[in-house]
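Colleague: Show me the folded form of this:
(2 chains)
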Amino acid sequence: DSGVTQTPKHLITATGQRVTLRCSPRSGDLSVYWYQQSLDQGLQFLIQYYNGEERAKGNILERFSAQQFPDLHSELNLSSLELGDSALYFCASSASGQGPSYEQYFGPGTRLTVT
Amino acid sequence: AQKVTQAQTEISVVEKEDVTLDCVYETRDTTYYLFWYKQPPSGELVFLIRRNSFDEQNEISGRYSWNFQKSTSSFNFTITASQVVDSAVYFCALSGRVRFQGAQKLVFGQGTRLTINP
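Modeller: Residues are numbered from 1 along each chain as shown, chains lettered A, B, ... in the order given. Coordinates of the predicted model:
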């Protein structure tokens, strides 16, 4: 158990809908990351938050947004869903600072199926 | 730009054989960090190891060992006396030095699916 929790574990929804994925980081970790894993794209970094502020952005679609709340949990919002958004979405957390790149601990993932 | 290449898409061996998973990386950073993660059939990603670019010593942890060679930009992973429980997808990943407080991302390779047959 990595200490990172994600809910829900599975999500099935229709095209055009909006969903919210939730993540709670390990105790003490200030950084939260979101990744998307799909068969064609592999594991892709989406976005990172550090202590409530956005810190790094990857190939995240404009239809997707995220935030990190004062209690450090994070939510990833996916809207106007398309079939191609079906994927496994991971949240990860790490200790953070300036200089070393720390290992990231991953949650169990949310499997999103868009029908 | 940073890039990680895992040329072996799938490897299948018989239990107790040794197996090496290859990882080649590209980066312009002089300080960088390399990682290996395991994704078993249950789907979670499990952290295995982190190495920084200043430390080229090989590392051994039980049946697992890692060979980091800066000269060839490689960070290979060897499992000795493989077991069925080692069956998983293994990912190599790369991260640069964190220049801005908290800003960090991992660039992953495409993964190698390892199957250990009894």
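Colleague: CA only for contacts and neighbour counts going forward, please
Modeller: Fine.
Colleague: Which SSE is immediately downstream of the worst-scoring helix or strand of chain B on mean pLDDT?
Modeller: Least confident element among the helices and strands of chain B, by mean pLDDT, DSSP states H and E: strand B:59-61 (a mean of 89). Next helix or strand after strand B:59-61 toward the C-terminus (DSSP states H and E): strand B:64-69.
Colleague: Give the pairing partners of that next one; include direction for each.
Modeller: If you go by DSSP bridges, strand B:64-69 pairs up with strand B:59-61 (antiparallel), strand B:74-79 (antiparallel).
Colleague: Quick check: phi and psi at the residue nearest the centre of chain A.
Modeller: When chain A is reduced to its mean C-alpha position, the closest residue under Cα atoms, centre = their mean turns out to be residue A:34, at 2.8 Å. Phi and psi for residue A:34, reported as degrees, to the nearest 10, are phi -120, psi 140.
Colleague: Am I right that it is in contact with residue A:90?
Modeller: Yes - counting by Cα atoms under 8 Å, residue A:90 is a contact partner of residue A:34 at 5.7 Å.
Colleague: if we can go back for a sec, residues making contact with the least confident helix or strand of chain B?
Modeller: Here strand B:59-61 makes contact (Cα atoms under 8 Å, 6 or more residues apart in numbering or on different chains) with B:65, B:66, B:67.
Colleague: ok, those residues vs chain A, which is closest?
Modeller: Lowest distance from chain A to the contacts of strand B:59-61 (Cα to the nearest Cα) belongs to residue B:66, with 16.2 Å.
Colleague: which non-adjacent residue is nearest the closest one?
Modeller: residue B:77 (4.6 Å; Cα to Cα, 6 or more residues apart in numbering or on different chains).
Colleague: measure the one you found to residue B:23 for me?
Modeller: 8 Å (Cα to Cα, to the nearest Å).
Colleague: just residue B:3 next, same as before
Modeller: 10 Å.
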